[in-house]
Every structure is written in structure tokens, then in C-alpha cells.
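A.B. asks: below are the sequence and a predicted model; questions follow.
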Amino acid sequence: MKFSGLRRGLVMSGRILLSIPFRALPTLLAAIVVSFLLLRLIPGDAVDVMASQVALSNQSDIAKWRHDLGLDRSSAEQLLDYIINLARLDFGYSYIYNMPVASLIGERLPSTCLLAGTAFVVAMGIGILAGVISGYAKGSALDQLISAGLLLLYSVPAFWTGLLLIEVFAVWLNWLPLGGSRSLELDLSGAAWIGDRLRHLVLPALTLALFYIAVDARLVRASMLEVQSQDYIRTAVAKGLDRHTIVWKHMLRNALLPLTAVAGNRIGAMLGGAVTIETVFNWPGMGRLAFEAVLKRDFTVLTAILVLSAFFVILANIIVDLIQVWIDPRIEH
């Protein structure tokens, strides 16, 4: 039976992988087109920002700048050139930051991946644990206490939570730094450098994770309550299996299916939430870069960030499809 389930999982995984070009590429292309065209509807461009920085008011010079940058061409022509360049992994050049966009994103992407990845793991781990405890202790005082705490986490805005955590742990207790990703005034290496990065990571990662802890815990709790009434659980209880085995081996595996289904969309939501969190904590990631790009009308950088975000969401959904096949072999599509 185990060999049959493994073989079926491999077959379904192969089908999913073979369907990637037909599913992912059109979606990614649509995301590129929509992002590019919508951003061009925003008033102003990079030339307006650069002209204001140097106090340039001569319209002929401004028009020449716009012509040199190709911003005076039609949106269709600019879009076609952008897609062709993107196929060569050329994200363009930022005249605001005076460097290639790929290099700029390469500097910021690791910080955002570290922040979002840590928050994702923390949210999933604590959310699953809280949901299992709350679902198993349905109706008890512990269940009501956990539910009240989850409702509070779900209701409070992330920026307010971040400011509150800064006030408590950075200002009052002085346990953690106010912001940033590392101590610039210290020349650290080895374990001291890792410890310093972790201290800076705690508050922004926790702030980003708190909302999703509430979402995951409520979802797991509802799934646990639904699974409890299934026949195979009653059979396991009648066979005399211990509670630990029933909860963690039989109930949780099926209760995780709804959670994995929303995990793919979680990546895009976390990247969007990182804009606020990175701004509050002065974290040098893509979220803060996107915020700066909006203010400076650097649509080349902003388009690249949106395209990469769409790519990560598509990739995450493909991985989720593969995980669901391995968790539940009954899934055929």
C-alpha cells in the first residue's frame, strides 16, 4: 500500500511539473502586462522627480530627458521592449538610483526573503500548535483564552503592533534594537554577526507573523473540529490508540490540507505586508524599496518588484500543489 501511494504521488507530481509551462507562463505574462500598464497610468514619472531634484524647469530639457529615456514612446512600444529585455533577464536601469535594477533588487531581495521566510515559519509553527490545542480542547477555558488572543491578533493593524513592540522591547526594556538589519557601528563576524542579525530580525519577523498566526490557528482549529467527527477517528479511538497518535498522526495530517491550500497565496500577502513592516522597522528589503520607488516614480524598479512577486506567488502555488499530493494521495488534480 505504501509503495502504491508513493508511485501515485510520483505520477501526480510529474503531471503537475509537466503542466507548469502551460499554467505558469501565461499567468506570469498577464501579471507583467497588467503591472506595466497600470503603473503607467499613475501621474508623473522618473523625469519629473529628477527635474525637481535639480530644480529644472525648462520644458525643452525635460522633454529631451524623457526622449533619451524612451518615456515619450507609446505604452505598447515600451511594453514590448520590456518583455523582450525581461526574456533576457534584463530588468532595466534605474536612473533614480543610478544602477541596474537587477543589481538593486539583488541587494534587497535576501533581506526580504529572510524576513518573509522567518515570519512564514513562525506563523505556521505557532498557528498549527495553537489551532491543534484549541481544537482538541474545544469549549474549555483554554480554548476560549486562545480564541480571544487570536481575535486580538487578527484585529490589530500590523503597523500599530510593530510600533507597540518597538516601544516595549526596544525602548522600555532595551532588549532589542529599534530597527535596521544589523548594527552598522560594530564590526562583527562569525557567531557575533549571526547573533546581531537575529536580534534585529526578531521584532519585524514577529510583527509580520502575528496576523498570520491568528489566521492559521483559526483555520487549523476549524479543520480539527471537522476531522474529529470522521469515522476513521472514531475507529482509531475504538482501537485504543493514544491521544498523541490520534491527534498528531491521524487528525493533523488531514486538518493541514486547507492550510496548505492557502499557503501559496500567503507568499504574495507577506510580500505586500513587508512594505509596511520594512518601513516601520527601517528594514532594507524589497518592501521598503517598493515604497521608495512609488515616491520617486521609479516605475522600472516597481515593475520589476511586481513581476518578481508574481513569480514567487506562482512558484509557491506550484510547490503547494506538490505538497498536497504527498499529504493526500486522493487528490488527482
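C.D. replies: Yep, that arrived. Residues are numbered from 1 along each chain as shown.
A.B. asks: for residue 90, helix, strand, or coil?
C.D. replies: Under DSSP: H, G, I helix; E, B strand; the rest coil, the three-state class of residue 90 is coil.
A.B. asks: for it, give me phi and psi.
C.D. replies: Taking degrees, to the nearest 10, you get phi -110, psi 110 for the backbone angles of residue 90.
A.B. asks: what do you get for residue 164?
C.D. replies: phi -70, psi -40.
A.B. asks: can you pull the pLDDT of it?
C.D. replies: In this model, residue 164 is scored at 91, pLDDT.
A.B. asks: for the remainder of this discussion, apply numbering that starts at 38.
C.D. replies: Renumbered: residue one is now 38, and that last one reads residue 201.
A.B. asks: contacts only, for residue 258.
C.D. replies: Residue 258 sits next to 167, 168, 169, 171, 172, 184 when contact means CB atoms under 8 Å, 6 or more residues apart in numbering. Where C-beta positions appear, they are placed from N, C-alpha and C, glycine not excepted.
A.B. asks: mind telling me what element the third one is part of?
C.D. replies: Assigned by DSSP states H and E, residue 169 belongs to helix 138-173.
A.B. asks: how about the next helix or strand after that helix: buried residues?
C.D. replies: Per DSSP H and E, helix 138-173 leads on to helix 178-192 as the next helix or strand towards the C-terminus. Within helix 178-192, the residues scored as buried using 16 or more other CB atoms under 10 Å are 180, 183, 184, 187, 190.
A.B. asks: quick check on residue 131: phi, psi?
C.D. replies: Note on residue 131: its backbone torsions stand at phi -100, psi 110 [degrees, to the nearest 10].
A.B. asks: and the angle for the helix holding residue 169 with helix 178-192?
C.D. replies: 150 degrees (axes from the mean of the first three to the mean of the last three CA atoms, to 10 degrees).
A.B. asks: going by neighbour count, list what's buried in helix 138-173.
C.D. replies: 138-139, 141-142, 145-146, 148-149, 151-153, 155-157, 159-161, 163-165, 167-173.
A.B. asks: low-confidence stretches in this structure?
C.D. replies: Scanning the chain for pLDDT under 70 picks out 38-59, 81-95, 98-99, 102, 222-223, 301, 364-370.
A.B. asks: ok, 80 please
C.D. replies: 38-62, 76-112, 132-133, 172-174, 176, 217-227, 263-311, 354-370 (pLDDT under 80).
A.B. asks: so which of the buried residues of helix 178-192 comes closest to residue 109?
C.D. replies: residue 190 (49.4 Å; CB to CB).
A.B. asks: do I have it right that that closest one meets residue 248?
C.D. replies: Yes: with contact defined as CB atoms under 8 Å, residue 190 reaches residue 248; the gap is 6.3 Å.
A.B. asks: mutual contacts of the two, please.
C.D. replies: With CB under 8 Å, 6+ apart, residue 190 and residue 248 have no common neighbours.
A.B. asks: make CSV out of the buried residues of helix 178-192 and add distance to residue 256.
C.D. replies: Conversion of the buried residues of helix 178-192 to CSV gives the following (distance: CB to CB, whole Å):
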residue, distance to residue 256
180, 15
183, 14
184, 13
187, 11
190, 14
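A.B. asks: nearest to residue 78, of those?
C.D. replies: Nearest member of the buried residues of helix 178-192 to residue 78, counting by CB to CB, is residue 190, at 36.0 Å.
A.B. asks: where's the closest residue to the closest one other than its chain neighbours relative to residue 245, distance?
C.D. replies: Closest residue to residue 190 apart from its sequence neighbours, by CB to CB, 6 or more residues apart in numbering: residue 251 at 4.0 Å. Residue 251 sits 13 Å away from residue 245, going by CB to CB, to the nearest Å.
A.B. asks: show me which of those two is the more surrounded one.
C.D. replies: Legend: neighbour count by other CB atoms under 10 Å for residue 251 and residue 245, higher for residue 245 (28 against 24).
A.B. asks: coming back round to it: ok, the contacts of residue 258 vs residue 115, which is closest?
C.D. replies: Proximity of the contacts of residue 258 to residue 115 (CB to CB) peaks at residue 168, which lies at 47.6 Å.
A.B. asks: host element of the closest residue to the closest one other than its chain neighbours?
C.D. replies: Leaving out its chain neighbours, the residue that sits closest to residue 168 by CB to CB, 6+ apart is residue 257, at 2.7 Å. According to DSSP H and E, residue 257 maps onto helix 228-265.
A.B. asks: give me the residues contacting whatever helix or strand comes next after that helix.
C.D. replies: As assigned by DSSP H and E, the chain's next helix or strand after helix 228-265 is helix 268-275. Contacting residues not belonging to helix 268-275 are listed as 264, 282, 283, 287, 288 [CB under 8 Å, 6+ apart].
A.B. asks: 10 Å instead, please
C.D. replies: For helix 268-275, contacts defined as CB atoms under 10 Å, 6 or more residues apart in numbering pick out 264-265, 267, 278-280, 282-284, 286-288, 291.
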